[in-house]
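**Q** Let's see this in three dimensions:
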Amino acid sequence: MHVQRAVAGAWEPVSTRLDEGGDFLQAQVGLSPEQFWQVVLLPQGEFAEFLRAEPDQRAKVLETLFDARRFTAVEDWLTEHARATRATLTQAQDTVDRLLHRVEQVARGLPATGRGARMPPRPESEDPDDIRAYLSGQRAAAIAQLIAAAAEDETTRKRLAAAEGGRDRARRALRAIQRLLALCRQRDFLAARSEQVADQRTELSAALAAEPLRPFLDVDSANWKRTDDAAVDLTNVHSNLIRLDVAAQCPVRLRSAARGSDQLELRTISGSGSAGSELRRWNRVLRDEAARLEHLESEWATVTADESMLAVVRERQVSRQASLADLRALSDRLPTALADLEARRDATRLAAAGVEHAAATLTAAQARVEAAARAAALAELLGTAEAEHLAGQREALGAKDRWLSLRENRLAGIAAELAGQLSDGRDCPVCGSLEHPSPAQPADAAVTAQDEHAAADRLDRLEQESARVAARVLELRREYDACCSVTSGATLAAVRKELSAAVTADAAAKAATQLLPELVREYVDLVAGREDVTAQLGRLTEAQAEDRTTAKELTARVGSGHQRLDKARGEDASLTARRVRLSALADAAEAVEQAASVHAGAEAVALHSRGEVADRVQRHGLRSSEAAVAALLDERSRADLIETIREHEDSQTGVSAELTSAAEEADAACVELTELPPGRLTAAPVGVSGQRPMTSAPLTEVVCDLADQVAEVRARLDREHGAAVLARDSAVAALSRARGIGGQLDELQVLLDQALAECAPLLQASVESAALAALVTGGGANVRKMRLRSYVLAARLEQVAAAATARLRQMSGGRFGFVHSDDLRGGNRRSGLSVDILDSHTGTQRPTKTLSGGESFMASLALALGLADVVTAESGGIALDTLFVDEGFGSLDPASLDAVMTVLDELRQGGRVVGIVSHVEELRSRVPMQLEIHTSSHGSTVDQSDVPAAPADRLLAG
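**A** Predicted coordinates:
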């Protein structure tokens, strides 16, 4: 389909697609194809569709013809408004529900009003009075709970005050008794320390007596300290000497001066001679040996260097011997490697020479594979095309037989066809007579010209298609034979094997061409390497002989040097170690000699000082110098002793005074503590200050027993106070909860009043909007069950029925008219879009389905004309200036046909274009302009004339 539009005097293409072209035409016309066929073009067989349509189908046509979108928008807006209003109301009601839920949660903290009583249930209805009554009941319960909690709070406050008073008295009594007990124990402690203080006084007297001898005792102590230090040094250096003398060659030993004495002296091992002389002689021998060893160390360095050189030579011999072995093995392998490489080079050169032949073979094999693959595909296409050609030939033969059969049958019934074109007053095309008393009647299955032309057209199409397929088969056959000639009849698998072999041969030839230069270079390098290996073998053999001579000489020198040096080293690890050890041993011997001399001098001074100290000790009346030293105290110790003695005396005086006041305080506290059992007060220290002496030993035990009694009373009063505190806290918490519940309920009262105030107008608005939405959608109070859109369309349909009634009465001679009906029909369908027929002959109203064929044609035509009149008169509607009617006139009697044509003539005279398609002969004389359609085997042609033409199918317009 080609759709074009005129733009600036030229035709501009719009679309060539069916869907796009249909949408464009529908937008231009303003009607869908189905609606166009109902009110503009009334096709044969569907002429009365709008007349007999159901209300829903008739509504679709009316909505298109009349602009009812604003009423649909009103329906949608009212429905959406009702939904939005209901949603707002639901939100407000949800707020009330949430507040009631909070009230219910808060009220769970309220106690029941009586035994077995329950809290009032939450109201199930949404009545504001019920909700307010429920909340008032909860608030009353909260107020009652608050009053009870306040009374309990006052009671527990008084109980707590009394408990705190008893607890404080018990604390004071216990503190007084504990103070008295502590003083009693402190008095007992001071009495126990009296003997220790007496000993400290004796120690202080002895220290004061020995203090004048302190300078002499200090000098004596220092002299003996120096003697002891010298003895320690002598012992240390002698121990070091013995440790270094591993050969036990030292001529002296350190011994005690006498049995049981702490004094030390050096003695010779032999027991004769001076120890100092022996040490000096041995020292000179050691130093001479160390000097000789130092001279030999230079010779040891030479021997060590020769050893290092010998190791290097031997390591070099081993490495060179391994290199010689590798070179000899390589020299033995070179001839074989050269022969193998030469053979590979010659074979590669031969393979590289055939690279062009391999490439040509590969190209030919690829062409054969392509031809074989194309031949296989063509074989399938050829088989399909041949089968299609054979089927087309069979179908064309069948179509030809069909066409010949129809042609023969038409020729047999041509008389009836010509008789169908006769009319009174016109001459017969065969005999020329104006009268036709007995025209031939068509058979039940008469063949028309259209049938013959259709069969001929189908035969032409099939023959053309068969010729096209035959040409395709011939083309495929030629291409298939050409491919087979290239492959020489070989199969696709065989030529693919040939291609695989050609690819392998071509790859091998190319690889040989690339490998040949590398093999030639490798052969030249291998020949040069063989000569280099021979030269290296000669050089390494000569160097190996020279190293053997050098190693022999070095081995002899190192052996003789080690013999001399090992003898001088002795048992030491090395000459240097022996020299260092002997030097250290000489130094140790010299240190022993010096330490012995120092020790002897210090010992002589100490013995002289000890004699002088003994004389002075005897003159001061002390037992010995050791006792005098033991009695001495430093200044800090003397001051500490004096302070300790003074503190002890002061503590005894203070405790005596405090004990008296503590006893009086304890007496008063025990009398004030009324919670003590009366029978146990006899154990209290009443009148301690006057009746019980302070030195009485049982006083501490009596006070301890009384402290236990008061502690028991204190513990009991603390428990009572704890219980009172818990009761007080519970009462305060209950009072706080009651106040919180009351406050929350007061807040919820305000919020609920606000929410209920908001719900009232929303509920009214929701009811009104829902009722209005139901009314415009055909529900609720709508007794007609009609939507607003249907109601408007029903009004338009009443206008259409009125306009169509005028046309129908004119066509039917005043018998029939249209009546708009609001009755419900078709089950649940809405009312308002039904049309009935009013028969004035019978005075009854009946459905349009009861009309006969001719009556239905007149009613449908009148309804279509009424639609056009109302739509044209409607300012917002579509102008319908053209009407086409296909057939239907043959169902009218002459009078009805004359009435219908009169109406159509009036329309034409009023500027309307009316086209009719019919085979009724009488219409030829009444239509001033005619379009004749002539059909043949070559297609259809259209002729326009103003006079009657030969018998044929005609499209008449006027």
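
**Q** quick one: the strands in the chain?
**A** 3-7, 10-15, 41-42, 252-256, 264-268, 816-821, 834-839, 844-847, 882-886, 913-917, 930-936, 939-945, 954-957 (DSSP state E).

**Q** mind putting those in CSV, mean neighbour count included?
**A** Every C-beta, even on glycine, is put in place using the N, C-alpha and C of the backbone. As requested, the strands of the chain are arranged in CSV below (neighbours: other C-beta atoms under 10 Å):
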stretch, mean neighbour count
strand 3-7, 11
strand 10-15, 11
strand 41-42, 22
strand 252-256, 16
strand 264-268, 18
strand 816-821, 20
strand 834-839, 20
strand 844-847, 12
strand 882-886, 19
strand 913-917, 19
strand 930-936, 16
strand 939-945, 10
strand 954-957, 19
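
**Q** Include mean pLDDT when you put the ones you listed into a markdown table, please.
**A** Below are these laid out as a markdown table (pLDDT from 0 to 100):
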| stretch | mean pLDDT |
| --- | --- |
| strand 3-7 | 82 |
| strand 10-15 | 81 |
| strand 41-42 | 70 |
| strand 252-256 | 64 |
| strand 264-268 | 65 |
| strand 816-821 | 86 |
| strand 834-839 | 87 |
| strand 844-847 | 87 |
| strand 882-886 | 75 |
| strand 913-917 | 78 |
| strand 930-936 | 76 |
| strand 939-945 | 74 |
| strand 954-957 | 38 |
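
**Q** how close does residue 717 sit to residue 162?
**A** Between residue 717 and residue 162 the computed distance is 10 Å (C-beta to C-beta, to the nearest Å).

**Q** higher neighbour count, those two?
**A** Neighbour totals were compared for residue 717 and residue 162, and residue 717 leads with 21 against 12 (other C-beta atoms under 10 Å).

**Q** list the contacts for the more buried one?
**A** Contacts for residue 717 (C-beta atoms under 8 Å, 6 or more residues apart in numbering) come out as 163, 166, 167, 170, 675.

**Q** Low-confidence stretches in the stretch 701-850 of the chain?
**A** For the stretch 701-850 of the chain, the stretches flagged by pLDDT under 70 are 822-832.

**Q** how about 50 then?
**A** Residues of the stretch 701-850 of the chain that meet the criterion pLDDT under 50 lie in 827-828.

**Q** Residue 699 contacts residue 184, correct?
**A** Yes. Taking C-beta atoms under 8 Å as the definition, residue 699 is a contact partner of residue 184 at 5.8 Å.

**Q** Ok, which of the strands of the chain comes nearest residue 447?
**A** strand 930-936 (13.8 Å; C-beta to C-beta).

**Q** The closest one pairs with which strands?
**A** Note on strand 930-936: by DSSP bridges, its sheet partners are strand 939-945 (antiparallel), strand 954-957 (antiparallel).

**Q** Give me the angle between it and strand 913-917.
**A** 30 degrees (axes from the mean of the first three to the mean of the last three C-alpha atoms, to 10 degrees).

**Q** Export only the CA atoms of strand 930-936, formatted as CSV.
**A** Below are the C-alpha coordinates for strand 930-936, written out as CSV (Å, rounded to 0.1, in the frame of the first residue of the first chain):
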residue,chain,number,x,y,z
GLN,A,930,-22.3,5.8,-13.1
LEU,A,931,-18.9,4.2,-12.7
GLU,A,932,-18.8,0.8,-14.6
ILE,A,933,-16.2,-1.8,-13.5
HIS,A,934,-15.3,-4.3,-16.2
THR,A,935,-13.4,-7.5,-15.1
SER,A,936,-11.4,-9.7,-17.4
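
**Q** Off-centre distance for it?
**A** 76 Å (C-alpha atoms, centre = their mean, to the nearest Å).

**Q** same deal with stretch 726-741?
**A** On the basis of C-alpha atoms, centre = their mean, stretch 726-741 is displaced by 49 Å from the centre of the chain it belongs to.

**Q** Any buried residues in that stretch, and which?
**A** For stretch 726-741, the neighbour count (16 or more other C-beta atoms under 10 Å) marks 727, 728, 731, 734, 735, 737, 738, 741 as buried.

**Q** which among these gets closest to residue 36?
**A** residue 741 (76.9 Å).

**Q** That closest one touches residue 108, doesn't it?
**A** No. The criterion here is C-beta under 8 Å, and residue 741 misses it with residue 108 at 9.5 Å.

**Q** ok, residue 146 - contacts?
**A** Contacts of residue 146 by C-beta under 8 Å, 6+ apart are 735, 738, 739, 742.

**Q** pLDDT, neighbour count and distance to residue 602 for the contacts of residue 717 - can I get that in a markdown table?
**A** Converted to a markdown table, those look like this (pLDDT from 0 to 100; neighbours: other C-beta atoms under 10 Å; distance: C-beta to C-beta, whole Å):
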| residue | pLDDT | neighbour count | distance to residue 602 |
| --- | --- | --- | --- |
| 163 | 75 | 21 | 84 |
| 166 | 75 | 20 | 82 |
| 167 | 75 | 19 | 79 |
| 170 | 73 | 25 | 76 |
| 675 | 66 | 15 | 82 |
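
**Q** biggest separation within the residues you listed, which pair?
**A** Farthest-apart pair in the contacts of residue 717 is 163 and 675; separation 11.5 Å (C-beta to C-beta).
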